[in-house]
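1. fold the stuff below for me.
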Amino acid sequence: MTTVQVILPIILSIGMCVGLKINTKLNKNKLTLQQVRQNQLDTEIKYLKYQVQPHFLFNTLNNIYALIDSSPVKAKASIHSMSKMMRYVLHDASTSKVPLVKEIEFLERYIDLMQLRISSNLTLEKNFPVINQPIQIAPLLLISFIENAFKHGIDAVQHSFIKIELTIDNHRLKYSVTNSSFPEREKVTDSGIGLENLKKRLELLYPNNFELITKEINRQYFATLTLNFKE
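-> I've put the predicted structure just below:
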């Protein structure tokens, strides 16, 4: 047996060991990098979600404050309703997904609360489906459209309207809010902050699985979200 025949298997064995060690290290580094990226993603999502909470809280408290003098009984009922909403925001919405039926209940309470101090100039239509499927979505995704409509689409004197519609077709959710628009009010408000937050969250949570369209035509504001979800 020649020297080459003796040494070659040893070299090959050493090479295989080194190769396996390098491959293991690369896989470990890749896994660590993926974990770091996932942690960064989770942190950003939480930050965006927490931005929604003070925004919602400010609007709701402002609404209740306006009722204290004019209708203390309604204000008291509003605080009770708000406590249920805050329970949802602080507890249920702290998870990554919530049942769609709970998200709709939250929207219904918010709408009822907002309507307490709205004048008769507002016409409001809403159409939420009866949910018989275990559909889950990321929490607090649907509130921004309605907040925006109540904040920027209602005038104390002129006739105003809000139309809310949500439909489910297999794994697709279509959600739209159309409201009257008063451009002169937009100049002194922060319109769009909630919607920009929503867009960022959708990009992180449902990449390539949503379509968000907002537009204003003839003093009407249209906001539509089409979302492909998995049950």
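2. and the helix or strand hosting residue 123, what does it pack onto?
-> Using DSSP states H and E, residue 123 sits within strand 122-127. Taking 3 or more CB pairs under 8 Å, 6 or more residues apart in numbering; DSSP states H and E as contact, the helices and strands that strand 122-127 lies on are helix 100-115, strand 160-169. Glycine gets a C-beta too; all of them are placed from N, C-alpha and C.
3. can we see that at 10 Å?
-> Taking 3 or more CB pairs under 10 Å, 6 or more residues apart in numbering; DSSP states H and E as the contact definition, the neighbouring helices and strands of strand 122-127 are helix 100-115, helix 143-152, strand 160-169, strand 172-180.
4. and the shortest one, what's its mean pLDDT?
-> Just to be clear, that refers to strand 172-180. Mean pLDDT, strand 172-180: 95.
5. ok, now the longest one?
-> Helix 100-115 shows a mean pLDDT of 89.
6. what angle do helix 143-152 and it make with each other?
-> Our comparison of helix 100-115 with helix 143-152, counting by axes from the mean of the first three to the mean of the last three CA atoms, to 10 degrees, yields an angle of 10 degrees.
7. buried ones in helix 100-115, by neighbour count?
-> Of the residues in helix 100-115, those with enough neighbours to count as buried (16 or more other CB atoms under 10 Å) are 100-107, 109-111, 113-114.
8. reformat the helices and strands packed on strand 122-127 as a markdown table; add distance to residue 126.
-> Written out in a markdown table, the entries for these read as follows (distance: least, CB to CB, whole Å):
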| stretch | distance to residue 126 |
| --- | --- |
| helix 100-115 | 7 |
| helix 143-152 | 9 |
| strand 160-169 | 4 |
| strand 172-180 | 9 |
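9. so which of these gets nearest residue 60?
-> Among the helices and strands packed on strand 122-127, helix 100-115 comes nearest to residue 60, with 6.4 Å by CB to CB.
10. which other helices and strands contact the closest one?
-> For helix 100-115, the contact count by 3+ CB pairs under 10 Å, 6+ apart identifies helix 3-70, helix 72-90, strand 122-127, strand 136-137, helix 143-152, strand 160-169 as packing neighbours.
11. the closest residue in space to residue 166 that isn't next to it in sequence bridge partners, please.
-> On the basis of CB to CB, 6 or more residues apart in numbering, the spatially nearest residue to residue 166 that is not a chain neighbour turns out to be residue 175, at 4.8 Å. Applying DSSP bridges to residue 175 gives these bridge partners: residue 166, residue 225.
12. only C-alpha atoms, please: export stretch 104-121 in PDB.
-> Output of stretch 104-121 as PDB, limited to C-alpha atoms (Å, rounded to 0.1, in the frame of the first residue of the first chain):
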ATOM      1  CA  ILE A 104     -66.600  43.100  15.300                       C
ATOM      2  CA  GLU A 105     -68.100  43.400  18.800                       C
ATOM      3  CA  PHE A 106     -65.400  45.900  19.600                       C
ATOM      4  CA  LEU A 107     -66.300  47.900  16.500                       C
ATOM      5  CA  GLU A 108     -70.000  47.800  17.400                       C
ATOM      6  CA  ARG A 109     -69.300  49.200  20.900                       C
ATOM      7  CA  TYR A 110     -67.100  52.000  19.500                       C
ATOM      8  CA  ILE A 111     -69.800  53.000  17.000                       C
ATOM      9  CA  ASP A 112     -72.500  53.100  19.700                       C
ATOM     10  CA  LEU A 113     -70.200  55.200  21.900                       C
ATOM     11  CA  MET A 114     -69.400  57.600  19.100                       C
ATOM     12  CA  GLN A 115     -73.100  58.000  18.200                       C
ATOM     13  CA  LEU A 116     -74.100  59.200  21.700                       C
ATOM     14  CA  ARG A 117     -72.900  62.700  21.000                       C
ATOM     15  CA  ILE A 118     -73.500  62.900  17.200                       C
ATOM     16  CA  SER A 119     -76.300  65.200  16.000                       C
ATOM     17  CA  SER A 120     -79.200  64.100  13.900                       C
ATOM     18  CA  ASN A 121     -77.300  65.300  10.800                       C
END
